[in-house]
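> Just the structure for this:
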Amino acid sequence: MKIIWTFTLLMIPGVVNSISVTGYSGGGVSITCKYYSEFRENAKYFCKGQPVTCSELIKNKNKNKWVDSGRFSLFDDTRAAVFTVTIRDLSEEDSGTYQCGVDIYAKVDSYTEVNLKVITGQQIRTMTGYSEGNIIINFKYEMQQNNLLIDVCNTEALQCFTLINTERAAEWKHGSRFSVYDDRSEGFLHVFIRDLNVKDSGKYKIIVTVSEDYSFFLEFYLDIKKGEPF
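Alright, predicted model coming up:
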């Protein structure tokens, strides 16, 4: 019996831990997968399903460089011994079990299980505003955690305008021309931008950092026109 039990243990895939992730249709998620430092030089991958038999979605053999494959991106930060997987344009069909995998030659790969739940959300693609005016973006979500970090970024300029800690619900937080109101009773995040100008036009991303394991985000294009609305 002892010999049989030892053989069974060797056949169990190397699942390190498990992450529960919530995303919203039309948006995206970024997942942080930790691994042992001894595997810095190993290839990393992301797949859907159970270990060993899961379907590979993206794999990165290049260290410290982003790799893209359709809606998926992967970056292996070998200094921190973590790799990040980003999924865009989520739909409810993306819900399920995934694996962050480390390719270990001649041995069982190391896995971090990711349980992804995608909730119906808003699919905001374009927001239109007018110079010298204001605009508000309403983002419906269902997170109840405290200490969410709200980051509003201009992705084309690679600049984040504000980093706001919504430790307290139902309270405006201000930064430069941006303000955020986390209305948890209604499940809405309101982002308010003042004193618009045509230079504000571009691609934006609202990032909500839930924990060190993951964040969810909404991407949209902000189109600022000259003059006043009719």
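
> okay, now the domains of the protein?
The record's domain split for the chain, according to automatic domain parsing, is 2-119, 126-225.

> looking at the ones you listed, which has the lowest confidence?
Among the domains of the chain, domain 126-225 carries the lowest mean pLDDT, at a mean of 79.

> Span of that one from start to end?
13 Å (C-alpha to C-alpha, to the nearest Å).

> what are the ranges of the helices in this protein?
Using DSSP state H, the helices of the chain run over 2-11.

> would you list the domains of the chain in TSV and tack on mean neighbour count?
To be clear about C-beta, it is placed using only N, CA and C from the backbone, and glycine gets the same treatment. Shown next, in TSV, are those (neighbours: other C-beta atoms under 10 Å):
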stretch	mean neighbour count
domain 2-119	16
domain 126-225	16
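
> got a list of what the closest residue to L189 other than its chain neighbours touches?
Computed as C-beta to C-beta, 6 or more residues apart in numbering, the closest residue to L189 that is not its neighbour in sequence is F139, at 4.3 Å. F139 sits next to Q122, I124, F188, L189, H190, V191, I206, L218 when contact means C-beta atoms under 8 Å, 6 or more residues apart in numbering.

> can you list the residues you listed in a markdown table and add distance to I104?
Formatted as a markdown table, the contacts of F139 follow (distance: C-beta to C-beta, whole Å):
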| residue | distance to I104 |
| --- | --- |
| Q122 | 41 |
| I124 | 41 |
| F188 | 45 |
| L189 | 40 |
| H190 | 46 |
| V191 | 43 |
| I206 | 37 |
| L218 | 36 |
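
> Mind picking the one among the residues you listed that's closest to Q50?
Nearest to Q50, judged by C-beta to C-beta, of the contacts of F139 is L218 at 30.4 Å.

> ok, that closest one touching I124?
Yes. Using C-beta atoms under 8 Å, L218 is in contact with I124, at 6.4 Å.

> Specify the beta-bridge partners of V208.
V208 has the following beta-bridge partners by DSSP bridges: I150, F216.

> distance of it from R125?
According to C-beta to C-beta, to the nearest Å, V208 and R125 sit 19 Å apart.

> same question, K44
31 Å.

> sorry, back to before: just the ones of the contacts of F139 in strands?
F188, L189, H190, V191, I206, L218 (DSSP state E).

> List the beta-bridge partners for the second one.
Spelled out, that is L189. The partner list for L189 in beta bridges (DSSP bridges) reads F139, D182.
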